[in-house]
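Asker: please work out how this folds:
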Amino acid sequence: MSDSTGPTEYDALLLDMDGVLVEPTPGPVLDSAVSATFEAFDVDDPDPEAYEVLRSLSAATPQTVDRVGRTYDVDTETLWRMRERIAADRQIATLDEGGKRVYDDVVTLRSVEVAVGVVSNNQQRTVDAIVSRNGLDSQFDAWSGLDPTVEGLRRAKPAPCYIEAMLDELDAETALFVGDSLSDIHAAQLAGIDSALLCRNGDSPKPLKSNRPTTSHRCLNLPN
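Answerer: Model (predicted):
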C-alpha cells in the first residue's frame, strides 16, 4: 500500500476494509448467509432477484429490500436485521477458521503520520471482529461499519454519510480515501475528498463515470 499521504497534504487517511485491508468474504459464505436468512422466514426457493438483493449491497437498497419483504410477507426492518445478523455470524466464523486474511502490506500503515480511519460497508460487528482478532486496533484511530438496520443500509456507500461521520470523528478537513470499488470512489466524491482506487488483481479499473469532477482519484495496482 503506497503511503502518499503526509501531514502537509492530508489530515487523515481513510480506508475501505474488504479488498483493501482484508480478503473479501468468500462467495459460499455469503450464499450460506442469504439462504439461512430466507430459511428463517420459511422461504425455501426465493426468486433470483430477491436472492441477489440480500446477497449484494450493489443490489440492496431500502426500496429493493422492502420489495423482497412484501413479496414474502416479512417486515422490511426485520428481514434486513436478520440478514445482517446472520451475515456477521458467518463472517466471524470464517475469521475464526482462518479466513479473510489481512493483506501483508497493511503493516506499512504503521508509518503513516496522519490519522487513519476505516469506513466499511460490512456490518459493524464484523468490522469490530476483524480489528480485534487481528490486533489492528493500534493501527487505526477509528473504524466504522454499517448499523444493522434499513437506515444503516440507506447510509451505506456510495452515500457519503459514514465517510462524513468518520471525518468528524477524526476532526479532519482533508483526507484521502482508498477503496476497491467505484462505489467507494463515488462516496468519496460526494464527501468532497480525494480517493484512490486499489486494484489487487492487476486488472485495470473501469473508468469512473461521474458528474461530480470536484475531487480527484488515482489508481493503485497491487498484487494479492
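Asker: average model confidence for the longest strand along the chain?
Answerer: The single longest strand within the chain, with elements called by DSSP state E, is strand 115-123. Averaging pLDDT along strand 115-123 yields 98.
Asker: which helix or strand lies directly C-terminal to it?
Answerer: helix 124-133 (DSSP states H and E).
Asker: return the set of buried residues in that next one.
Answerer: Gln124, Arg125, Thr126, Val127, Asp128, Ala129, Ile130, Val131 (16 or more other C-beta atoms under 10 Å). Bear in mind the C-beta positions are built from the backbone N, C-alpha and C, glycine included.
Asker: cool, stretch 95-102 as well?
Answerer: Judged by neighbour count (16+ other C-beta under 10 Å), stretch 95-102 contains these buried residues: Leu95, Lys100.
Asker: what do you get for stretch 76-85?
Answerer: Thr76, Glu77, Leu79, Trp80, Arg81, Met82, Arg83, Glu84, Arg85.
Asker: okay, Pro62 and Arg155: tell me how far apart.
Answerer: As judged by C-beta to C-beta, to the nearest Å, Pro62 and Arg155 stand 10 Å apart.
Asker: now, the buried residues of stretch 76-85 that are in helices?
Answerer: The members of the buried residues of stretch 76-85 that map onto helices under DSSP state H are Thr76, Glu77, Leu79, Trp80, Arg81, Met82, Arg83, Glu84, Arg85.
Asker: where do the strands sit along this structure?
Answerer: Using DSSP E, strands in the chain cover 12-15, 115-123, 142-146, 175-179, 194-199, 217-221.
Asker: could these go into JSON lines alongside distance to Thr37 and mean neighbour count?
Answerer: As requested, the strands of the chain are exported to JSON lines (distance: least, C-beta to C-beta, whole Å; neighbours: other C-beta atoms under 10 Å):
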{"stretch": "strand 12-15", "distance to Thr37": "28", "mean neighbour count": "26"}
{"stretch": "strand 115-123", "distance to Thr37": "13", "mean neighbour count": "24"}
{"stretch": "strand 142-146", "distance to Thr37": "16", "mean neighbour count": "21"}
{"stretch": "strand 175-179", "distance to Thr37": "26", "mean neighbour count": "26"}
{"stretch": "strand 194-199", "distance to Thr37": "30", "mean neighbour count": "21"}
{"stretch": "strand 217-221", "distance to Thr37": "34", "mean neighbour count": "15"}
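Asker: can you lay out those strands as TSV showing distance to Asp89?
Answerer: Converted to TSV, the strands of the chain look like this (distance: least, C-beta to C-beta, whole Å):
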stretch	distance to Asp89
strand 12-15	24
strand 115-123	10
strand 142-146	14
strand 175-179	25
strand 194-199	28
strand 217-221	32
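Asker: which residues are in contact with the residue nearest to Leu109 when sequence neighbours are not counted?
Answerer: Setting aside the residues directly before and after it, Leu109 is nearest to Gln139 in space (C-beta to C-beta, 6 or more residues apart in numbering), at 5.1 Å. By C-beta atoms under 8 Å, 6 or more residues apart in numbering, Gln139 lies in contact with Val106, Leu109, Arg110, Val116.
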